[in-house]
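Chemist: got a predicted structure plus its sequence, pasted below:
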Amino acid sequence: MSPSTTHGPSRIVSPARDVLGSITDRQEVPLPRGTWRLFGLAFMGFATPVIGFVELAERIHGEAKLPFDRPVMLWMKRRHSPRRTRIVRAVTELGGVTAVPVVALAAAGYMATVHGSRRPATLLTVSLVGSTIINSVLKVMFRRARPTFFPHIVQEKSYSFPSGHAMASAALAGCACVLTWRTPWRVPVLAGSAVYVPTIGVTRVYLGVHFPSDILAGWCVSLAWVGEVATIMWLVDRFDRLHDE
């Protein structure tokens, strides 16, 4: 009896069919181990910040005053000093449109050269470019004016909600955590991110150009976005490995 009679006729399955087939017919291409657990974690990681953003957005869209915005900004204003302001103006640039892309490109180039992988560059590019586009769209959608509690120390021309610096810094830190999660650098990167992201957010409030709610919204959006990008890339990578096997 020929092999075709025993096992059925062979056929070529496209990569797209592999992905769909693994979901609809697990006997043909089984889901990678840990997929459902990852789906659960990804859903929680996506749903929680999205719910937080929606709560903030609804209040801002309805022009409701958030109770913590003004008190936090006025408290920050009372701590202004010439020396502190100089430091804050320098630190805030670490989350700006120059520093974040430079760090991302350097990290992607290093990992591509040393480890021979293009996935870090893909993750960083999609996450950071995507967060920039999302930020621009949301600013136009909500059109929230900048705070007027005290004069701005730096000048910004765009709308206030959500904070672009908060989104960029959170996206960069999120990518760094994903890329180093299974390496000895995980703990230092997590610790550095836990300092870097809040620090950038505080500088924006100190400078008077953002409400605290702008910062929180930016963190929520970036956390959800980077989490979903990383999940999709993980699935694509695992399906590619299954297909190669």
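Modeler: Ah, there it is.

Chemist: report the buried residues of whichever strand or helix holds Thr203.
Modeler: Secondary structure from DSSP states H and E places Thr203 in helix 186-206. The neighbour-count check on helix 186-206 (16 or more other C-beta atoms under 10 Å) flags Val189, Ser193, Tyr196, Val197, Ile200, Gly201, Val202, Thr203, Arg204, Val205, Tyr206 as buried. For every residue, glycine as well, the C-beta is placed using N, CA and C.

Chemist: out of those residues, flag the one nearest to Val100.
Modeler: Ile200 (9.6 Å; C-beta to C-beta).

Chemist: would you check that that closest one makes contact with Leu94?
Modeler: Yes - because the distance of 6.5 Å satisfies C-beta atoms under 8 Å, Ile200 is recorded as touching Leu94.

Chemist: could you check which helix or strand contains the closest residue to Val226 other than its chain neighbours?
Modeler: With sequence-adjacent residues excluded and distances taken as C-beta to C-beta, 6 or more residues apart in numbering, Val226 is closest to Gly174, at 3.7 Å. Element membership for Gly174 (DSSP H and E) is helix 164-179.

Chemist: again with Ala107
Modeler: Counting by DSSP H and E, Ala107 is part of helix 99-114.

Chemist: starting at the chain centroid, how far to that helix?
Modeler: 17 Å (C-alpha atoms, centre = their mean, to the nearest Å).

Chemist: toward the C-terminus, what is the element adjacent to it?
Modeler: By DSSP H and E, the next helix or strand past helix 99-114 is helix 119-142.

Chemist: that next one - what's its average pLDDT?
Modeler: Averaging pLDDT along helix 119-142 gives 91.

Chemist: same check on stretch 82-95?
Modeler: On average, stretch 82-95 scores 95.

Chemist: what residues sit buried inside it?
Modeler: Val88, Thr92, Leu94, Gly95.

Chemist: got it, and stretch 65-83?
Modeler: Asp69, Val72, Met73, Met76.

Chemist: what's the closest non-adjacent residue to Lys77?
Modeler: Nearest to Lys77 is Phe150, by C-beta to C-beta, 6+ apart, at 5.1 Å.

Chemist: tell me the SS of that neighbour?
Modeler: For Phe150, the assignment made with DSSP: H, G, I helix; E, B strand; the rest coil gives coil.

Chemist: neighbours around it, how many?
Modeler: 12 (other C-beta atoms under 10 Å).

Chemist: and for the one 10 residues further on?
Modeler: Counted with other C-beta under 10 Å, the burial measure for Ser160 works out to 22 neighbours.

Chemist: got a pLDDT number for it?
Modeler: 93.

Chemist: next, it: phi, psi?
Modeler: Torsion angles at Ser160 (phi, psi; degrees, to the nearest 10) stand at phi -90, psi -30.

Chemist: ok, it touching Ala145?
Modeler: Yes - here Ser160 reaches Ala145: they are 6.3 Å apart, a contact under C-beta under 8 Å.
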